[in-house]
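Participant: return atomic coordinates for the entry below.
(chains A, B and C)
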Amino acid sequence: MFQECMDNVRKTTPLVHNITNYVTVNDVANILLACGGSPIMSDEPEDVVEITSICGGLNINIGTLNKRSIEAMYAAGRRANELGHMLLLDPVGAGASSLRTNTAVGLMDELKFNVIRGNISEIKTLANGSGTTKGVDADVADAVTEENLDQMVDFAKSFSEKSGSIVAITGAIDLVADKDRCFVIRNGRPEMGKITGTGCQLSGMMTAFLVANPDHQLEAAAAAVCCMGLAGEIGYSRLQEGEGNSTYRNRIIDAVYHMDGTTLEQGAKYELR
Amino acid sequence: MFQECMDNVRKTTPLVHNITNYVTVNDVANILLACGGSPIMSDEPEDVVEITSICGGLNINIGTLNKRSIEAMYAAGRRANELGHMLLLDPVGAGASSLRTNTAVGLMDELKFNVIRGNISEIKTLANGSGTTKGVDADVADAVTEENLDQMVDFAKSFSEKSGSIVAITGAIDLVADKDRCFVIRNGRPEMGKITGTGCQLSGMMTAFLVANPDHQLEAAAAAVCCMGLAGEIGYSRLQEGEGNSTYRNRIIDAVYHMDGTTLEQGAKYELR
Amino acid sequence: MFQECMDNVRKTTPLVHNITNYVTVNDVANILLACGGSPIMSDEPEDVVEITSICGGLNINIGTLNKRSIEAMYAAGRRANELGHMLLLDPVGAGASSLRTNTAVGLMDELKFNVIRGNISEIKTLANGSGTTKGVDADVADAVTEENLDQMVDFAKSFSEKSGSIVAITGAIDLVADKDRCFVIRNGRPEMGKITGTGCQLSGMMTAFLVANPDHQLEAAAAAVCCMGLAGEIGYSRLQEGEGNSTYRNRIIDAVYHMDGTTLEQGAKYELR
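Facilitator: Here you go, the predicted model:
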C-alpha cells in the first residue's frame, strides 16, 4: 500500500500550494520536488485564491504567521474546501502564543482539514484548548513513549473523531490516526530534531501524498511519515565524519529524491492499532 | 566575449539589489557572492529607493509578491531607471494568477527593463496577455524544442522588439534574444528542474553580469545563462552516490564559485541565430 | 572560561527568539540548533510579546526590515527588557539607508541591549551617526587592521561605554569589548565573507551564549565569536575539491554541531586588551 502511495506521487506530480513560514520554506519546496511533487508558495490574500485553484492541495503552516498571511490562510482554505482539494494544517507553535493557538483553532472551526499534523504539544493544545508547548518544539513531558502508547493511540483516535481530520502526531514514535485506526510508526532518527523544519517538510510532502492518493488518505499520510523517517535513517547512514545537522538536512532530502515505492514499503516500520 | 563578461563581474564586484521571493532568496544571495557580486535584499517601500541608489542593478522577482513588495518594486524600479541602473524582471508565476500577470505587465508598462527572464510559459503570458502556466513551472506543451526552434527564436526576437528588453527564455534549450540576434544555448541538465529556484538564482546572477558589462548586455545575459548551465553540468558530475536535489543545489553554487572566464568560454555551448 | 560558556549552552538549551531577515533565517535556526540552543522566529507585533516571554533571549536583526517587523522589534524588545532577557542588536545595513540607520538608532535609544554586533561600517554608523556602509558588507576603508588596532580597540571600548552595551565588531580581526576590556580575536577565514549570513548566524548563536552565561556576558559574546571563527577554520579544512561557498556554509554549521567546550577553548585565538 505504501509503495502504491509513493508511486502515485511520482506518477501524478501533485501541485501543492504552501502558505508556510519563511524559516524552512526552501526545504519544503525542495522536499516536494524530491518526492515527485511540485510546490508553489503564495501568501498574499489577493493572490492565494487563484493560486490554490490550480493546485491539488493546500498546506497551511502557521509558523511566522502575520495578519496578512492569516487572512490568506482563511481565503485559500475556503477555496480549497469548495474545490474539494486536500487541505492540511501544521499548527507550528500552537500553545506558545494566543495568536498561534487562536489561529489554529479558528482555522479548524471554519475549515475542513483532511489532516492535522504537529508535534504532541501542539496537538494537545488543539485537543485540550491549552498546552505546554516550549517554543516550536514539543515538551518532553508530553512525549509519546512505549509506556503511554495505548493511551496516546486512544487520544489520537479520539481527537480525530472530534476534529473530523486525520491526526498525525510526530516525534520519537509517530502516530497517524483516524477515529478507528492508528498507524504507530517507528522510523526516523533522534538527530532529525536538530534540523530546523523537518516537521514543516513532512507537512508539505504529506500534502502531495494526499493529493496523489485521495481514496486512501490515512495510508497516504502514514506513508509520508514513513518516507520522512526512512529518509532520515538513510541520510544518517550516509553522513561522513564531521558532518552535522546542516549537511544532514541535505542528505534527508536527497534520500527522499532517491526513494522509490519498493524501498519505502520495505523500510517502513509500523504497526496498525 | 563570455570570458570577458565573467572576468568583469569578478573584477568589479557589482552590488545587486534584489526584491525577490522568500523561498529561494538565500540561494540567490549565495550565487551572487559565488559569481563575484554582492547581494542586498530590501522590499520595504520606505527602504528600497535609497538601497537601490547605492547599487548597480535591481533584480525584481515577483514570486511570493504581496501588496507591500509590489509597491516597493515600482518605487525601486523607477529609481533604478532614473539612475540608469540595470533592471531585470523575473515574472515568476505570470499566467498562474491575475495578480502575478497584472503585476508583471504593469511593471513592464511603467519601467524600462534591460532584461526579462522567465520560463517559456511566463514569457508567453507576457507576450500574448495569457498563458498556460502550471504553477511556477513551464507547461510541457510550451517547451522550446529542436522542432519548433526557428519559430521560438522568431518569437523571442519579436517579443524583444515589442518590449524593448532583452528576452531570456530558459528551459531545456535557452534563448537569449534582442530584436536582431538570438543566442541558442544548450548548457545545463534536466535535473536542475528538480531544484527550487535555479531560475531565481540565474536572474540574480544575470543582473550582476549586466552591471559589470553595460556595453554588451546581450552577451552578458547569455554568458550568465551559460554560466548557470555549465555550473549545472559541473555540479552534476561531482554528485556522489545517493546525493539528490538538495546537495545538487549546493554543488551548482559551488561550481559558480570556482568558475573562471576561461572555463566559461570553453564550456559554453551556443550558437547565434 | 570559553569552555564553560559553550558547555553551559549545551546544558541549558537556551530558547532564543529571533526577529531576523528572511535571507539567512534558515541558517540562523540551524546554527542555533547546532550549538545547543533552540530557535523560534516571530515578527508579527501581535505575536512577539508572548513569544519572547517564553524565551531567554531576543535577537533583533534589521536586515529586510519592514514597518510591521519594526513595530515587532520595539514591542518584543520592550518586553525582553522588562523581563531581564538577553537582548542583542544586529544593525544589518545601518548606514546604507535612512530607515535602517534610524531604526537601529531608535532601538538603541529606547531599549537596553546587552550586545550590539555588526561589521565595522555598521558600528561606525551607530557610533558616529553616519557611515560609509557599502550595502550590507563593510567598507574596506573601515577595516580593523594590525596597523589601526590600538585605535579601534579604544573606539570599541568607548562606544561600549557610550552605548551601555557590549560591542562586537566582526571582520578579519574581531573585537568584543565592554568599556574596560576588549577581546581581540583572530579566528576565522576570509572565505567566510563569501557566504551570506555568517554575521546573522553569529548574532543568533551569540544570543544563546548570552542566555546561558548571564554572569559572564563579555566572555560569552567573545566565546561565540571564537566558536564561529573556529568553525569556519574547521569547516574550511574539511572542504573537498570543487566545493565552494554553498557547501562551506553547511560545513561551518556542521562544525558548530560537533564543537565541544574543550575544542573551543583550545582553538580560540585571542588576546585581552
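
Participant: identify the residue spatially nearest to A:Pro14, adjacent ones excluded.
Facilitator: Distances taken as C-beta to C-beta, 6 or more residues apart in numbering or on different chains place A:Val211 nearest to A:Pro14, at 3.6 Å, with adjacent residues excluded. Just so you know, the C-beta spots here come from the backbone N, C-alpha and C atoms, and that holds for glycine as well.

Participant: can you list the residues of chain A near chain B?
Facilitator: Counting by C-beta under 8 Å from any C-beta of the partner chain, the residues of chain A close to chain B are A:15, A:22, A:25-27, A:29-30, A:33-34, A:38-44, A:46-47, A:50-51, A:54-55, A:68, A:234, A:238, A:249-258.

Participant: could you flag which of these are buried?
Facilitator: A:15, A:22, A:25-27, A:29-30, A:33-34, A:38-44, A:46-47, A:50-51, A:54-55, A:68, A:234, A:238, A:249-257 (16 or more other C-beta atoms under 10 Å in any protein chain shown).

Participant: just these that are near chain C?
Facilitator: A:22, A:26-27, A:249-250.

Participant: can you lay out those residues as CSV showing distance to B:Arg181, secondary structure and pLDDT?
Facilitator: Below are these laid out as CSV (distance: C-beta to C-beta, whole Å; DSSP: H, G, I helix; E, B strand; the rest coil; pLDDT from 0 to 100):
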residue, distance to B:Arg181, secondary structure, pLDDT
A:Tyr22, 40, coil, 98
A:Asn26, 36, helix, 98
A:Asp27, 40, helix, 98
A:Arg249, 43, helix, 98
A:Asn250, 40, helix, 98
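
Participant: let me know the outermost residue of chain A.
Facilitator: Distance from the centre of chain A peaks at A:Glu241, with 30.4 Å (C-alpha atoms, centre = their mean).

Participant: report pLDDT for that residue.
Facilitator: If you check A:Glu241, the pLDDT there is 95.

Participant: how about it, secondary structure?
Facilitator: Three-state call for A:Glu241 (DSSP: H, G, I helix; E, B strand; the rest coil): coil.

Participant: how far away is it from chain B?
Facilitator: To chain B, A:Glu241 is 15 Å away according to C-beta to the nearest C-beta, to the nearest Å.

Participant: from C:Leu264, how far off is that residue?
Facilitator: Using C-beta to C-beta, to the nearest Å, we find A:Glu241 at a distance of 19 Å from C:Leu264.

Participant: thinking again about what came up before, and the residue nearest to A:Pro14, how many neighbours?
Facilitator: Counted with other C-beta atoms under 10 Å in any protein chain shown, the neighbours of A:Val211 add up to 25.

Participant: can you tell me the element it falls in?
Facilitator: Per DSSP states H and E: A:Val211 is located in helix A:198-212.

Participant: give me the mean pLDDT for that helix.
Facilitator: 98.

Participant: and if you look at stretch A:32-51?
Facilitator: Averaging pLDDT along stretch A:32-51 yields 98.

Participant: ditto for stretch A:63-81
Facilitator: pLDDT averaged over stretch A:63-81 gives 98.

Participant: distance from the chain centre to it, please.
Facilitator: 17 Å (C-alpha atoms, centre = their mean, to the nearest Å).

Participant: and that stretch, what's buried?
Facilitator: Buried residues in stretch A:63-81 (16+ other C-beta under 10 Å): A:63-66, A:68-70, A:72-77, A:79-80.

Participant: please apply the same query to stretch A:154-169.
Facilitator: A:155-157, A:159-160, A:163, A:165-169.

Participant: then stretch A:202-218?
Facilitator: Using 16+ other C-beta under 10 Å as the test for burial, stretch A:202-218 gives A:202-213, A:216-218.

Participant: helices along chain A, start to end?
Facilitator: For chain A, applying DSSP state H gives helices covering A:2-12, A:25-35, A:45-53, A:67-82, A:98-110, A:120-128, A:149-163, A:198-212, A:217-237, A:245-258, A:261-267.

Participant: roughly how far apart are A:Asn81 and A:Lys112?
Facilitator: Separation of A:Asn81 from A:Lys112 (C-beta to C-beta): 5 Å.

Participant: shared neighbours, those two?
Facilitator: A:Leu87 (C-beta atoms under 8 Å, 6 or more residues apart in numbering or on different chains).

Participant: so where is the stretch 51-200 of chain A shaky, pLDDT-wise?
Facilitator: A:130-135 (pLDDT under 70).

Participant: in it, what residue is nearest chain B?
Facilitator: Using C-beta to the nearest C-beta, the single residue of the stretch 51-200 of chain A nearest to chain B is A:Ile51, 5.3 Å away.

Participant: mind checking how far the closest residue to that residue other than its chain neighbours is from C:Phe113?
Facilitator: Counting by C-beta to C-beta, 6+ apart, A:Ile51 lies nearest to A:Ser42, which is 4.3 Å off, once chain neighbours are set aside. Distance of A:Ser42 to C:Phe113, given as C-beta to C-beta: 36 Å.

Participant: A:Thr12 now?
Facilitator: 52 Å.

Participant: which one's more surrounded, these two?
Facilitator: Neighbour count, other C-beta under 10 Å: between A:Thr12 and C:Phe113, C:Phe113 has more, with 22 against 15.

Participant: residues from the stretch 101-250 of chain A in reach of chain C?
Facilitator: With C-beta under 8 Å from any C-beta as the criterion, the stretch 101-250 of chain A meets chain C at residues A:134-137, A:194-197, A:242-247, A:249-250.

Participant: measure the closest residue to A:Gly118 other than its chain neighbours to A:Asn61 for me?
Facilitator: In space, and not counting its chain neighbours, A:Gly118 is closest to A:Pro91: 4.9 Å by C-beta to C-beta, 6+ apart. A:Pro91 sits 8 Å away from A:Asn61, taking C-beta to C-beta as the criterion.

Participant: do A:Gly106 as well
Facilitator: From A:Gly106 to A:Asn61 the distance is 15 Å (C-beta to C-beta).

Participant: look at the two and report which has more neighbours.
Facilitator: Neighbours were counted for A:Gly106 and for A:Asn61 using other C-beta under 10 Å; A:Asn61 has more, 28 against 13.

Participant: how about the closest residue to chain B within chain A, what does it touch?
Facilitator: Residue of chain A nearest chain B, by C-beta to the nearest C-beta: A:Tyr257 (2.8 Å). Listed by C-beta under 8 Å, 6+ apart, the contact set of A:Tyr257 reads A:34-35, B:194, B:244-246.

Participant: change it to 10 Å
Facilitator: A:Tyr257 makes contact with A:30-31, A:33-36, A:231, B:191, B:194, B:242-248, according to C-beta atoms under 10 Å, 6 or more residues apart in numbering or on different chains.

Participant: ditto for A:Asn102
Facilitator: Applying C-beta under 10 Å, 6+ apart, the residues near A:Asn102 are A:70, A:94, C:46.

Participant: do A:Asp254 as well
Facilitator: Going by C-beta under 10 Å, 6+ apart, A:Asp254 touches A:30, A:34, A:231, A:234-235, A:238, B:239-240, B:242-248.

Participant: any of those buried? List them.
Facilitator: Buried among these (16+ other C-beta under 10 Å): A:30, A:34, A:231, A:234-235, A:238, B:243-248.

Participant: for stretch A:247-258, the distance to its chain's centre please.
Facilitator: 17 Å.

Participant: do stretch A:21-31 as well
Facilitator: 13 Å.

Participant: then stretch A:175-191?
Facilitator: Chain-centre distance of stretch A:175-191: 12 Å, with C-alpha atoms, centre = their mean.

Participant: what are the buried residues along it?
Facilitator: Applying 16+ other C-beta under 10 Å to stretch A:175-191 flags A:175-179, A:181-185, A:187-189, A:191 as buried.
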